[in-house]
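# Sequence isn't available, so here's the structure alone:
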């Protein structure tokens, strides 16, 4: 174990602990409570979770000239907050976001849409912002009407609790059954960047929602392109159980107040590490695998094969069992390319020995001989705890 | 439990025990040892499995005017016997098949092809048949060279052991870790049909191979079309863990010696019941689900959605946990149609209540409002035993 479970204390320097992440040099880690200049955040308990746990959070940027981008789940049965953010949000000028972690507001029909709109409108009013500049994200149980009395009663306190060093409070208010909060704050070359994520490990809704919020005082030109690229190489590369959430959201806000550009590779490194935290804290996960496919006909084919391998329950149980079972990799690859003939895939083109090693992170590789396409995917193992979480608790 | 585990005694009348199978009327069940006139079968121990277990089987038809059809896995990394049957077999005139259940002969390269050819040639020689009329099927550990000394030393005894009432011996020789043999012999309207299958529950290769052999004395015109249709509605409708084997084979042989046609629906009913036996005896399976999707844009879309639901580990653990968690069905359907907007799927269009009932067979349904496409898939639950089988045993 490489200490992945120790992140409940602020990471301070060991944030980039995956061997798969290349971080830029010269980084100074901050207390993860610290946000870039101009940003405030916080979290309060409004009663959705019960027991006094914080469950309502917000991030606000005071800089009017903000640049932003937001990526939302492609799930065709997306939740109400996703629909609101898709259709009624000024996505490149998002000043604030309100998040609850008790109710996903999914499969709640037209009332759900009204509730998501009311939730963000309440925060917008408190902050004196236009509602179309406020995003909304929700995670928790699905198919249950929102307790809007709780939410609306909490918004006033939330608006007055957002502070410049509120990163920790916010990161905890967005958690569901994450075993540890996922957050970082760092400074490099005069730019500060902070981020908070929550991941895959929800009991009640039965499927994992991944949320991530990133704030920086860097000057960012095309936030959408930058975020898309970083997410393509991080959150789009991970799988816990192959299930796409109805609520996944990634929000990137850049205030520009440092007057400096974001150092190359920084956003990519932070999002990849956070994505690996999400996999590592996936439902029941005990190990993380990385499968690399090369020599495919093209990149799309390589990704198809890599995902089939990463989502194979046989490969996932082999990762758990430390079993370098290359035959399972051959089988999954052959299934991904069903109907074609790629010959038999033997141990000469498959590497799985790393699975048998003791490490928390294991590497698999498959070399095809069809072209130059390559891709990789990160995945968790399939464990008894996954079944306990998903079969033995009922909604 | 509806007695699915009791099939180690000949089924005699309770073979069609699934509520989802409609069998023709007037069926008389035979001892499953009994084969249609002109067929012989048997099994011997050649030493691949060890411990004296039978591991080499054959079915032979003495009628020269046989009609046959064979369906083979589409896995792109298919095993040597699949390649031999694809390329070097007279598929509509298959007189015999030789099967071993100790070694899948997969990912064994050119030597594997030579071994599969040698195996069937040995039987063909013993029986005085042309090798191109003999099929070969193999199941067991993968990536391990064949012990051809064992196989070839067994073929002589095999050829002399095939007998008219050898259905039981053959059905047992093809088993790997099946908990019960899957076989039937029946007579209806002057036609006899027998079948033997083995299913999903292999430890050593790490993935399941499904084999099925059907013999009848009916007169069959287009065996290929008839088999394709029956398999499309049975073995193509089942999933244990979403993993396509390198070795799946279904062989249908019709001698025509009864001079009568096969009663309508008989082949479909037998194959569907056998397919359900395979799901029910899937690795670690304790329950079988049937998911029906209606109102999709077309049949292809309906099947895509049904398969995504059936293969969702969240739905499979809900089946285990008797949790009528319709949200997991909505999420999987939304993922299947990712990128489109189908609105939120609520409990008004999803039926999952059957999951909470006590039965061995549970039904789920999802009604979309996109068109007239419908499809269904049968699947097993995901249990602790699946993980034990696949993670705690290593190859």
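Arrived safely, thanks for sending. None of the values given here were measured: they were computed from a predicted structure.

# So in that sheet, which strands flank the lowest-mean-pLDDT helix or strand in chain A, and in what orientation?
When the helices and strands of chain A are scored by mean pLDDT, DSSP states H and E, strand A:238-239 comes last with a mean of 80. Note on strand A:238-239: by DSSP bridges, its sheet partners are strand A:373-380 (parallel).

# ok, and what's touching the partner strand?
A:20, A:237-240, A:275-276, A:279-280, A:282-303, A:305-307, A:309-311, A:315-316, A:319 (C-beta atoms under 8 Å, 6 or more residues apart in numbering or on different chains). Bear in mind the C-beta positions are built from the backbone N, C-alpha and C, glycine included.

# Following element in sequence after that strand, please.
Helices and strands here follow DSSP states H and E; after strand A:373-380, the next one along the chain is helix A:384-387.

# Tell me which other helices or strands that next one touches.
Counting by 3 or more C-beta pairs under 8 Å, 6 or more residues apart in numbering or on different chains; DSSP states H and E, the packing neighbours recorded for helix A:384-387 are helix B:313-321, helix B:384-387.

# how much does the longest one deviate in direction from strand B:373-380?
The reference is to helix B:313-321. Helix B:313-321 runs at 60 degrees relative to strand B:373-380, counting by axes from the mean of the first three to the mean of the last three C-alpha atoms, to 10 degrees.

# Could you list which residues are in contact with the residue most central in space within chain A?
With distances taken as C-alpha atoms, centre = their mean, residue A:210 lies nearest the centre of chain A, 4.2 Å away. Residues in contact with residue A:210, defined by C-beta under 8 Å, 6+ apart, are A:197-200, A:235, A:245, A:248, A:250, A:278.

# try 7 Å
Residues near residue A:210 by C-beta atoms under 7 Å, 6 or more residues apart in numbering or on different chains: A:199-200, A:235, A:245, A:248, A:278.

# rewinding a little: going through the contacts of strand A:373-380, which ones are buried?
Among the contacts of strand A:373-380, those buried by neighbour count (16 or more other C-beta atoms under 10 Å in any protein chain shown) are A:237-240, A:275-276, A:279-280, A:282-297, A:301-303, A:305-307, A:309-311, A:315-316, A:319.

# Excluding residues flanking it in the chain, which one is nearest the residue of the stretch 151-300 of chain A found nearest chain B?
Ranked by C-beta to the nearest C-beta, the top residue of the stretch 151-300 of chain A for proximity to chain B is residue A:244, at 4.0 Å. Using C-beta to C-beta, 6 or more residues apart in numbering or on different chains and skipping residues adjacent in sequence, the residue nearest residue A:244 is residue B:335, 4.0 Å away.

# Let me know the average pLDDT across the helix or strand hosting the one you found.
Residue B:335 belongs to helix B:326-336 when assigned by DSSP H and E. Mean pLDDT, helix B:326-336: 88.

# Would you mind pulling up the elements that that helix packs against?
Here helix B:326-336 touches helix B:299-311, helix B:313-321, strand B:350-351, strand B:361-367, going by 3 or more C-beta pairs under 7 Å, 6 or more residues apart in numbering or on different chains; DSSP states H and E.

# Adding distance to residue A:103, write these out as JSON lines.
Formatted as JSON lines, the helices and strands packed on helix B:326-336 follow (distance: least, C-beta to C-beta, whole Å):
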{"stretch": "helix B:299-311", "distance to residue A:103": "24"}
{"stretch": "helix B:313-321", "distance to residue A:103": "18"}
{"stretch": "strand B:350-351", "distance to residue A:103": "19"}
{"stretch": "strand B:361-367", "distance to residue A:103": "23"}
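
# re earlier: contacts for the least confident helix or strand of chain A next, please.
Strand A:238-239 is contacted from outside by A:275, A:278-279, A:307, A:310-311, A:377-379, using C-beta under 7 Å, 6+ apart.

# can you redo those as TSV with distance to residue A:76 and pLDDT?
Below are the contacts of strand A:238-239 laid out as TSV (distance: C-beta to C-beta, whole Å; pLDDT from 0 to 100):
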residue	distance to residue A:76	pLDDT
A:275	23	89
A:278	22	87
A:279	24	86
A:307	19	91
A:310	22	92
A:311	19	88
A:377	22	92
A:378	25	91
A:379	23	91
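
# mind giving me the domain split of chain A?
Under the assignment automatic domain parsing, the domains of chain A span A:4-280, A:288-392.

# List, one by one, the residues from the stretch 251-395 of chain A near chain B.
The stretch 251-395 of chain A has residues A:312-314, A:317-318, A:320-321, A:323, A:325-328, A:330-335, A:337-342, A:344-347, A:382-384, A:387, A:390-392, A:394-395 near chain B, with proximity defined as C-beta under 7 Å from any C-beta of the partner chain.

# And the buried ones among those, selectable in ChimeraX?
Selection command for ChimeraX covering only the buried members of those, criterion 16+ other C-beta under 10 Å:
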select /A:312,313,314,317,318,320,321,323,325,326,327,328,330,331,332,333,334,335,337,342,344,345,346,382,383,384,387,390,391,395
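
# ok, back up a step: out of the contacts of residue A:210, which one sits closest to residue A:65?
Ranked by distance to residue A:65 (C-beta to C-beta), the contacts of residue A:210 are led by residue A:235 at 27.2 Å.

# show me the contacts for the residue of the stretch 201-350 of chain A found nearest chain B.
Of all residues in the stretch 201-350 of chain A, residue A:334 sits closest to chain B, with a separation of 2.9 Å (C-beta to the nearest C-beta). Counting by C-beta under 7 Å, 6+ apart, residue A:334 makes contact with A:342, A:345, B:75-78, B:246.

# Adding secondary structure, pLDDT and distance to residue B:221 as columns, could you present those residues in TSV?
Shown next, in TSV, are those (DSSP: H, G, I helix; E, B strand; the rest coil; pLDDT from 0 to 100; distance: C-beta to C-beta, whole Å):
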residue	secondary structure	pLDDT	distance to residue B:221
A:342	coil	84	36
A:345	coil	87	39
B:75	coil	81	30
B:76	coil	82	32
B:77	coil	82	35
B:78	coil	86	29
B:246	coil	79	32
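
# Neighbour-wise, which one of these leads?
Of all those, the highest neighbour tally under other C-beta atoms under 10 Å in any protein chain shown goes to residue B:246, namely 31 neighbours.
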